[in-house]
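**Q** Pasting the sequence and the predicted coordinates here, then a few questions.
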Amino acid sequence: METKPLIVERIYNASIQKVWKAITDKDQMKEWYFALKEFKPEKGFKFQFTGGDENVQYLHECEVIFVDPPHKLSYSWTYPEHNNGYSVVTWELFEEGEQKTRLRLSHEGLESFPKDNPNFAITSFTEGWNFILGESLKNYVEKH
């Protein structure tokens, strides 16, 4: 069964360099994304973080698999407690004039996560990414 990746796009009133720094600098990432102990936009760099909702938190394990500053960043996204799932998150940035950036996020492989857990449903990821990109990151890059 062929499945399509989840894709979310947003345009920000911020330069491509500012958005790139926001998605790759761990000190900035903790302001709008997740609190990462360490992050380096370097192929092979492994990182982890915990995230979820008020009921349950999940350990996320990730590894950077592609970097092309300031245009593209991809990393694996897995949950060690659910070792049968493997997905990839890709951030692509495009200049839209001097002070605007279009961000296209794709998250592929979501169908590999447990089907019986509503936290792993496509709708849950869609809501999460829409909030992160549409509110958290937007507010961060446009107001800082």
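**A** Great, that's in hand.
**Q** So which residues make contact with stretch 65-83?
**A** 16-17, 19-20, 23-24, 41-43, 47, 58-64, 85-94, 107, 109, 113-114, 117, 120 (CB atoms under 8 Å, 6 or more residues apart in numbering). (C-beta placed from N, C-alpha, C; glycine too.)
**Q** mind checking the end-to-end distance for it?
**A** 19 Å (CA to CA, to the nearest Å).
**Q** repeat for stretch 45-56
**A** OK, stretch 45-56 end separation, CA to CA: 27 Å.
**Q** Quick one: mean pLDDT for that stretch?
**A** The predicted model gives stretch 45-56 an average pLDDT of 91.
**Q** elements contacting the worst-scoring helix or strand of the chain on mean pLDDT?
**A** In the chain, no helix or strand scores lower on mean pLDDT, DSSP states H and E than strand 46-52, which sits at a mean of 93. Contacts defined by 3 or more CB pairs under 8 Å, 6 or more residues apart in numbering; DSSP states H and E place strand 46-52 against strand 57-68.
**Q** Could you pull out the buried residues of the strand it packs on?
**A** Residues of strand 57-68 classed as buried: Tyr58, His60, Cys62, Glu63, Val64, Val67 (neighbour count, 16 or more other CB atoms under 10 Å).
**Q** again with stretch 45-59
**A** In stretch 45-59, counting by 16+ other CB under 10 Å, buried: Phe47, Phe49, Tyr58.
**Q** got a list of contacts for that stretch?
**A** Contacts of stretch 45-59 with the rest of the structure, by CB under 8 Å, 6+ apart, involve 34-39, 60-64, 75, 79-81, 119.
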